[in-house]
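K.L.:
Below are the sequence and a predicted model for it; my questions follow.
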Amino acid sequence: MKKPNLAVLGATGVVGREILSILEEQKVEFNEIKFLSSYRSAGSKLTFMGKEYIVEEAKPESFENVNIVLASAGGSTSLKLAPEAAKRGAVFIDNSSAFRMEKDVPLVIAGVNDDDLKKHKGIIANPNCSTSQLMLVLKPLNDYAKIKRLIVSTYQAVSGAGLAAINELTDNTKVNLIGMPYEPKAFKHEIGFNLIPQIDSFTENGYTKEEMKVTNETRKILHLSEDVPISCTAVRVPVYRGHSEAVTIEFEKEITPEKTKELLKDAYGVKLEDDIDNFVYPTPKECAGKDPVYVGRIRKSLAFDNAIDLFCVADNLRIGAALNTVRLAMKVIEMGLY
């Protein structure tokens, strides 16, 4: 099969630039590549693999002769352009939430539910950043013992909310250090030296949209039945990069901490860091810029029978967004699905 023509949509954004970096790192082979953005960034220049490119404004006709689109341009843009790309024969890999829960759109984590890629009809959805790291940890455990109940608390870095949020953490912290008042813009409350137990807007059931994304996407990706209770609490923390998650998993049969470690030690995309005697466990600072999901603090839960508690951390801009987008493109190429 000939090498594909690629397009990166949202190429000048935080995640878009990370996609470029990972495409280069992974040495993804392609025939031609183009970089697309909104009219505001169109005409700007970027360097990729030692060559300078001019960023083009994304329009429906931009996808003519494109085989695979790696998109991170927001939900409204995806809703408008994904059908146009698919209509022209491209496979649109979307990093927004626009299509994640659409019945006919596969929601895929590379290495977790690759077979679902075969069901695509031109659009493939990339899960929420918090869901992405969680799935790589849960996949081997669910295969072994089948999940009966899941409780997740996420501690999410400001980079998940974009460049304005990153800058706000810096500004807020500087102002707090000199004892001056600060008026937040990117968040509902100050993020400097603070935690905010709200990510996205609240829904009628009292959970936020972010929390429901984790719940619903987990169920779709792992093909869990509606009988499996899942609960999530999502918290924004004053960390630039790296989402952390405290997870309690109850299983249908017994699974020991030792077996859990054995399963995760060789799991795809996972790195075990669990040696409490030597204070070895994952932290967001240590995972920044790296690809694995780091997991530790594995122990038998005191709350439920046949349950395990653990803590996992991952770089949200990589595995939570850009890395899985690129991995999905590589899977589409490998499986000849374009």
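P.N.:
Alright, I've got the coordinates.
K.L.:
Angles on the backbone of the closest residue to Asp116 other than its chain neighbours, please.
P.N.:
Nearest non-adjacent residue to Asp116, counting by Cβ to Cβ, 6 or more residues apart in numbering: Pro106, 4.1 Å away. The way it works is simple: take the backbone N, C-alpha and C, and place the C-beta from them, glycine included. For Pro106, the backbone dihedrals (degrees, to the nearest 10) come out as phi -70, psi 140.
K.L.:
Now do the host helix or strand of Glu286: everything it contacts.
P.N.:
Under the criterion of DSSP states H and E, Glu286 resides in helix 284-287. With Cβ atoms under 8 Å, 6 or more residues apart in numbering as the test, helix 284-287 has contacts from 157, 239, 241-244, 294, 313-315.
K.L.:
Now with 10 Å, please.
P.N.:
133, 155-157, 237, 239-244, 271, 273, 293-294, 312-316, 318-319 (Cβ atoms under 10 Å, 6 or more residues apart in numbering).
K.L.:
Among those residues, which lie within helices?
P.N.:
Gln133 (DSSP state H).
K.L.:
Which of the contacts of helix 284-287 are buried, as a PyMOL select command?
P.N.:
To isolate the buried members of the contacts of helix 284-287 in PyMOL, using 16 or more other Cβ atoms under 10 Å:
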select buried, resi 133+155+156+157+237+239+241+242+243+244+271+273+293+294+312+313+314+315+316+318+319
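K.L.:
quick one on the thing from earlier: please spell out which residues along the helix holding Glu286 are buried.
P.N.:
Those would be 284, 287, for helix 284-287 by 16+ other Cβ under 10 Å.
K.L.:
from the middle of its chain, how far away would that helix be?
P.N.:
Taking Cα atoms, centre = their mean, to the nearest Å, one finds the center of helix 284-287 at 16 Å from the center of the full chain.
K.L.:
What is the neighbour count of the residue nearest to Lys265 when sequence neighbours are not counted?
P.N.:
Take Lys265 and drop its neighbours on the chain: the residue closest to it by Cβ to Cβ, 6+ apart is Leu272, 4.9 Å away. Using other Cβ atoms under 10 Å, Leu272 has 20 other residues around it.
K.L.:
shouldn't Leu272 be in contact with Glu262?
P.N.:
Yes: counting by Cβ atoms under 10 Å, Leu272 touches Glu262, with 9.4 Å between them.
K.L.:
Strands of the stretch 51-200 of the chain, start to end?
P.N.:
Using DSSP state E, counting those that start in this stretch, the strands of the stretch 51-200 of the chain run over residues 51-54, 56-57, 68-71, 91-94, 123-125, 147-156.
K.L.:
domain assignment for the chain?
P.N.:
Domains of the chain are assigned by automatic domain parsing as 6-128+321-334, 131-316.
K.L.:
which SSE is the closest residue to Lys34 other than its chain neighbours in?
P.N.:
Spatial nearest neighbour of Lys34, chain neighbours left out: Ala7 (5.0 Å); criterion: Cβ to Cβ, 6+ apart. Secondary structure from DSSP H and E places Ala7 in strand 6-9.
K.L.:
partners of that strand in the sheet?
P.N.:
If you go by DSSP bridges, strand 6-9 pairs up with strand 33-37 (parallel), strand 68-71 (parallel).
K.L.:
Export only the CA atoms of the first one, formatted as PDB.
P.N.:
In other words, strand 33-37. Written as PDB, here are the backbone C-alpha positions of strand 33-37 (Å, rounded to 0.1, in the frame of the first residue of the first chain):
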ATOM      1  CA  ILE A  33       1.800  16.400   4.600                       C
ATOM      2  CA  LYS A  34       0.000  19.700   5.100                       C
ATOM      3  CA  PHE A  35      -0.800  21.800   8.200                       C
ATOM      4  CA  LEU A  36      -4.200  23.400   8.700                       C
ATOM      5  CA  SER A  37      -5.500  25.900  11.200                       C
END
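K.L.:
List the buried residues for it?
P.N.:
Buried-residue list, strand 33-37, by 16+ other Cβ under 10 Å: 33-37.
K.L.:
which pair in the residues you listed spans the largest distance?
P.N.:
For those, the farthest-apart pair by Cβ to Cβ is Ile33 and Ser37; their separation is 14.1 Å.
K.L.:
now the stretch 1-150 of the chain, which segments are flagged as low pLDDT?
P.N.:
Along the stretch 1-150 of the chain, the model assigns pLDDT under 70 to no residue.
K.L.:
As a check, name the ranges of all helices in it.
P.N.:
Per DSSP state H, counting those that start in this stretch, the stretch 1-150 of the chain carries helices over the ranges 14-25, 75-87, 129-145.
K.L.:
looking at the ones you listed, which is buried most?
P.N.:
Burial of those is given as mean neighbour count (mean count of other Cβ atoms under 10 Å); helix 129-145 ranks first at a mean of 23.
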